[in-house]
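Colleague: quick check, what structure comes out for this input:
(one chain, ligands or ions: 3)
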Amino acid sequence: MNSIGKNRPSMRVWVKPSATFPPFAQPMVVSYFSLDQDRRFAPDLSQLRYMHLPRQAESLGWDLNHGIDNVQRSDHAKSNERIDNLLRGVLASGLAVSPEVASIMCLRGLLTKIMTTPYEQNQGWEILVSKFRGVIFLCAQETPEQRRERMSRDEAQKRFCHWGFKFEQYMSTDQPGCPPEVDMPVKEGEEFCCLFRTKLNDRRLIYGAEMDAVTSDVPLEDCLEDLMLAEFIELKTSRKLECVRQERNFKRFKLLNWWAQNFLVNVAHIICGFRDDRGIVDNIAFYKVEEIPKLAKDLWVPAVCMTFLDQFLSFATKTVRECPQSNDPFTVWRFRWEPGVHFVTGDMIAGRSQYSFLPDWFLSSVVG
Ligand code: A3P
Ligand code: MG
Ligand code: MG
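Modeller: Ligands and ions are numbered 1, 2, ... in the order given. Got it, this is the predicted structure:
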């Protein structure tokens, strides 16, 4: 660990390309829950979607703008909820909040962000960290640039953001065997999530992840056994690739993100809808997650991503554990990184503040 600035803890963002892949246990589903359009939590399968394949993979002509005037968005609700639903999921699962069960708890998207940091050129990040009962909780904090970008999104940008959700509607159904209801308004706030447990090196992790669709011809039973055996699929959209430069960027950035996001939850397949600039999907393509690194050749290396994640979690954990004020669960360490900067730095905000993210209802519900 090095120090820069006002003795702020810091770590270098550099991993040698020949790094070895750290030990990573197969992630297992330990619980699940649903969120409705108003982001209300239910410890059940109510929002689970089943994959529905079209008869052919080409000449689809799916319009991702279809019904867009009736869309139900949820940006605002999502941006305020931090890790509340993960915490609800942990409480509902009955899993103990203790380092023996997991010493790290967070959302999968945050881990994806950390993993792709060594190759990221555009977006920085801020991560808030607090400790409670010996467990380290991590929570993404919107950076000022991300906030500015979100607040200034125009209608065209909102439409681009919507296209991915509309594609999910074309590709999935809530009843296996029944066709997708593409004339219904898309509800962008609905989610089905799983809690995963795994081990990276010697550290146990629990994280929550939104799962797009399950591949099953029959409805799943509302029980953990069915979920543990279920095979999920990730749905994505991408601008169709028309030149070498587009193909290279697709491999360099999109495939990196897709690999990291899905490797973490043991999802084996991704279906991508290739669209044009007007939002028309003509064909879909299948990607095997384990083959993605080969497609991307030398543009990025999975072991670099996973080693950096391992190093960051060690650094954050050590920083927080060595700080006596972190025994207060409202104390927050804020770790920041910006593209082009070779260090992640941390600063501490002691006691209750606008950054505190572990809610009172969670702290008082944890018993034993
Ligand atoms: P695409 O990824 O196909 O563009 P996910 O693929 O992770 O399940 O996300 C589903 C969709 O949510 C995305 O589809 C995109 O439409 C939207 N989405 C995800 N992250 C977003 C973000 N940070 N900003 C805006 N829209 C986002
Ligand atoms: Mg999703
Ligand atoms: Mg998706």
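Colleague: wait, L87 touches L363, no?
Modeller: No. Using CB atoms under 8 Å as the test, L87 is too far from L363 to be in contact (9.6 Å). For glycine as for every other residue, the C-beta is placed from the backbone atoms N, C-alpha and C.
Colleague: which of the two has more neighbours?
Modeller: Ranked by neighbour count (other CB atoms under 10 Å), L87 and L363 place L87 first, with 24 against 14.
Colleague: got the CA positions of the helix or strand containing the more buried one in CSV?
Modeller: In this assignment (DSSP states H and E), L87 forms part of helix 84-93. Taking C-alpha atoms only, helix 84-93 is exported to CSV below (Å, rounded to 0.1, in the frame of the first residue of the first chain):
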residue,chain,number,x,y,z
ASP,A,84,-31.5,-1.5,0.8
ASN,A,85,-33.0,-4.4,-1.3
LEU,A,86,-29.8,-6.5,-0.9
LEU,A,87,-30.1,-6.0,2.9
ARG,A,88,-33.8,-7.0,2.8
GLY,A,89,-32.8,-10.0,0.8
VAL,A,90,-30.1,-10.9,3.4
LEU,A,91,-32.6,-10.5,6.3
ALA,A,92,-35.3,-12.5,4.4
SER,A,93,-32.8,-15.3,3.6
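Colleague: which strands or helices does it pack on?
Modeller: Judged by 3 or more CB pairs under 8 Å, 6 or more residues apart in numbering; DSSP states H and E, the packing partners of helix 84-93 are strand 28-35, strand 41-42, strand 104-107, strand 191-200, strand 203-210, helix 360-365.
Colleague: of all the ones you listed, which lies closest to F308?
Modeller: Closest approach to F308 among the helices and strands packed on helix 84-93 is made by strand 191-200 (11.5 Å; CB to CB).
Colleague: which residue is nearest the middle of the protein?
Modeller: With distances taken as CA atoms, centre = their mean, the residue of the chain nearest its centroid is G109 (2.1 Å).
Colleague: checking that one next. Helix, strand or coil?
Modeller: The three-state assignment at G109 reads helix, by DSSP: H, G, I helix; E, B strand; the rest coil.
Colleague: what about N201, how many residues nearby?
Modeller: N201 has 14 nearby residues by other CB under 10 Å.
Colleague: now the helices and strands packed on helix 84-93 as a markdown table including mean pLDDT and distance to V332?
Modeller: Converted to a markdown table, the helices and strands packed on helix 84-93 look like this (pLDDT from 0 to 100; distance: least, CB to CB, whole Å):
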| stretch | mean pLDDT | distance to V332 |
| --- | --- | --- |
| strand 28-35 | 98 | 25 |
| strand 41-42 | 98 | 24 |
| strand 104-107 | 98 | 14 |
| strand 191-200 | 98 | 23 |
| strand 203-210 | 98 | 19 |
| helix 360-365 | 98 | 14 |
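Colleague: out of the ones you listed, nearest to ligand 3?
Modeller: strand 203-210 (7.9 Å; CB to the ion).
Colleague: in its sheet, what does that closest one sit against?
Modeller: With DSSP bridges as the test, strand 203-210 is paired with strand 104-107 (parallel), strand 191-200 (antiparallel).
Colleague: check whether the longest one comes near ligand 2.
Modeller: Same thing as strand 191-200. No. Strand 191-200 is not in contact with ligand 2 by CB under 5 Å from the ion; minimum separation 7.6 Å.
Colleague: now for the residue in the stretch 201-350 of the chain that ligand 1 sits nearest to: which residues touch it?
Modeller: Here the stretch 201-350 of the chain gets closest to ligand 1 at one residue, T237, 3.6 Å apart by CB to the nearest ligand atom. Taking CB atoms under 8 Å, 6 or more residues apart in numbering as the contact definition, T237 lies against L64, W163, G164, F167, C272, G273, F274, R275, V281.
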